[in-house]
Structure formats: structure tokens, C-alpha cells
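Novice: what follows is a predicted protein model with its sequence.
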Amino acid sequence: MKSLRSILLVSALSLSFLNVSGQAPNDKWLDTDGHFINAHGAGVLFHDGTYYLFGEIKKGKTWLVPNQSWEDYRVPAGGVSCYSSKDLKRWKYEGISLAPVKGQPDNDLDTGRVIERPKVIYNSKTKQFVMWMHIDKKDYSYSRSGVAVSDKPTGPYRYIRSVKPNGQMARDMSVFQDNDEKAYLIYSSENNNTMQVCLLSDDYLSPTKTYSRILINKRREAPALFKNDGKYYLITSLCTGWSPNAAMYAVADNPLGPYKEFGNPCKGSGAETTFEAQSTYVLAVDGKYIFMADRWNKTNLEKSTYLWLPLTVAKDKVEIRGE
């Protein structure tokens, strides 16, 4: 796997957040203390002039779960990290926002479980920061969505519970907050054969019975949903374990769908493997967009890196170009 290819910086034409500057394959993305940024499957919250980056902590020896039909590589669940930035260039480590527990195998947050793809949104009515994440067992048989809350963006977050939305499996996931402050949980379901989009309750703490099945029989995961000019765009990947594949995007007039499917938004050399990465989030900045992805190192997950690239939308067409 190669390392971070693009970092947020200043450039021309009011793209004041991206600098596509190629880096040596072994370069590290460092925080303000000079330490490697450990925030995988990440999402970003913008609140009161500050960006907060939340992601999985990948640390420790990678091991292969036996007797699985796919390459189920794992490290101990490390919880969720938090970093803050004013300029999307310098990132300060804020600590572990949601800590795991040890020696409690029945606990959702035990290091022997799976804590993945954390996303945080702010509820202006309850004044709480709400974190949703994928909670699972090491063999992915649990398939649930977990929720935690905090009075501060950086945490610590108090874990509430995990659920199967409307009794459905929930694996790779994301959260989307619309302009009307309605929030939606998007997740791979039905053994990853479909995606589902579920409206959350007004306090963002529970799934409602309003949901839809989308991308049926398409085997998609790694959802990243964003909005542009009143339309909703969903980027996903195929299910090929830790190995990269071609992305796909779909467009709808409502977050619940129906969605019209399009092809791979990636263009240029490496597009067929999403530039050796997998989608995790699309960040909107001043009317522009950043495609955030992970470059998984499946046999040494602690060494996994990142890919952030500019994303453009024109006449419903999404485009992500590599270097």
C-alpha cells in the first residue's frame, strides 16, 4: 500500500483546502506532535469553526480469523480517536474519544470485537454530539450499529447500545445530516447484498421505521453520502475484503431514494482500484468536496494509510481524479 497522496492545504481558484502533492510511499501523515495520525474509516465533523476528525484506532499485531470465507484480518479494537484542526492542514490529537474495554468478551467495546467507521453529528435540539459506528464480532456475525453521545465534540463519548435497525443486519456504515437537520444511517445489510438508508429519531439516538432498501443485489459497502444542489450522491465500493476495487456512485432526489446507479467516479491511472483505496467519507468545504478513503494494509493494518482527493460534481456527474 502507498501512503497519503493528498493533504488538505491552500491552492488556487478558491480551492483553499486541497494540495495534491505527491509524497514518497513511506511518508507518514503526522499530527502537530509529530505522531502518525491513527484515524481509519474516518468521518469529519465541522462545529463552531473547527474540524474534528474521528476514526478507528488500528494498533497491534494483525491476525487472520480462522475458518472464514474471506481474508478476515483483524487487530484488537482500539476504540475511536479524535483530532482537531482549524485549517484542515495542521491536526491536533485530542485523545481517545471512545475507549475500548479489555477482558469483557460480551461487551460491544471489548478489544476482541470490531469497532469501525465512526461518524459524529451534532444535534442542536439536545445539544449532544452523537457518534454512530459499526459494531461486530470478529467474524462479522453480530452486524449491528452502535451509538454513543457526548456533551463535547472531542468526548469522552458515553456508549449507549447497539441495534439492528428494523431487525436488519448493519455492517459498513455512514451517517448523513441533511440541511433540515434530519439524520440518516446508511449501512450494508442482508449479508452485504443491499444497502439500507434509515431515518434516525429526532434525538439521533435510534433508528425509526422509515427506511429503504437500495442497491439491491449489488454487493456494496463503504458508503459515503453527500449532497450537492439538492441531490444526494452515494459512493460505495464492492465487497472484496481488504483488497481495493472500483468505486461506484448513485444519485437520488431524496436520501431514502430511489437511487439511479452510475459507474466508477474515479478517472485516471489506478481508477479501477479507486487508487488502491476504499471510500469512507466525502467532506464538503465551501461548496467544494474532498473524497476521503483508506489504503488498507491487510497483513499489517497498523500500517494502513489514507487517500484524500478533490471530488467534483457537474450535471450529476461525479469525478475523482488521481495524480
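Specialist: Yep, it's here.
Novice: OK, contacts around the residue nearest to the spatial centre of the chain?
Specialist: Nearest to the mean C-alpha position of the chain, counting by CA atoms, centre = their mean, stands Thr280 at 3.4 Å. For Thr280, the contact set (CB atoms under 8 Å, 6 or more residues apart in numbering) comprises His40, Gly41, Ala42, Gly43, Arg117, Ser174, Ala222, Ala224, Met292, Ala293, Asp294. C-beta coordinates here come from the backbone N, C-alpha and C atoms, glycine included.
Novice: kindly report the same for Ile160.
Specialist: Gly146, Val147, Ala148, Val149, Leu205.
Novice: on that earlier part again, narrow the contacts of Thr280 to those that are buried.
Specialist: Neighbour-count burial (16 or more other CB atoms under 10 Å) applied to those gives His40, Gly41, Ala42, Gly43, Arg117, Ser174, Ala222, Ala224, Met292, Ala293, Asp294.
Novice: give me the subset of those residues that lies in helices.
Specialist: Secondary structure from DSSP state H places none of the buried ones among the contacts of Thr280 in helices.
Novice: okay if I get these as JSON lines plus distance to Asn123 and pLDDT?
Specialist: Formatted as JSON lines, the buried ones among the contacts of Thr280 follow (distance: CB to CB, whole Å; pLDDT from 0 to 100):
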{"residue": "His40", "distance to Asn123": "25", "pLDDT": "97"}
{"residue": "Gly41", "distance to Asn123": "22", "pLDDT": "97"}
{"residue": "Ala42", "distance to Asn123": "20", "pLDDT": "97"}
{"residue": "Gly43", "distance to Asn123": "16", "pLDDT": "98"}
{"residue": "Arg117", "distance to Asn123": "20", "pLDDT": "98"}
{"residue": "Ser174", "distance to Asn123": "17", "pLDDT": "98"}
{"residue": "Ala222", "distance to Asn123": "25", "pLDDT": "98"}
{"residue": "Ala224", "distance to Asn123": "21", "pLDDT": "98"}
{"residue": "Met292", "distance to Asn123": "23", "pLDDT": "96"}
{"residue": "Ala293", "distance to Asn123": "28", "pLDDT": "96"}
{"residue": "Asp294", "distance to Asn123": "27", "pLDDT": "96"}
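Novice: related to what we said a few turns ago, for the residue nearest to the centre of the chain, give me the pLDDT.
Specialist: You'll see Thr280 listed with a pLDDT of 98.
Novice: same check, this time on Met1
Specialist: Met1 is assigned 37 on the pLDDT scale.
Novice: re the thing from before, just the closest of the buried ones among the contacts of Thr280 to Ser69, please.
Specialist: Ala222 (18.9 Å; CB to CB).
Novice: what residue ranges in the stretch 51-200 of the chain score low on pLDDT?
Specialist: Applying pLDDT under 70 to the stretch 51-200 of the chain flags no residue at all.
Novice: nearest to Trp91, of the contacts of Thr280?
Specialist: Taking CB to CB as the measure, Trp91 sits nearest to Ala42 out of those, at 11.2 Å.
Novice: that closest one reaches Met292, doesn't it?
Specialist: Yes. The pair Ala42 / Met292 is scored as a contact, 6.4 Å apart, by CB atoms under 8 Å.
Novice: so what's in contact with the two at the same time?
Specialist: Thr280, Tyr281, Tyr306.
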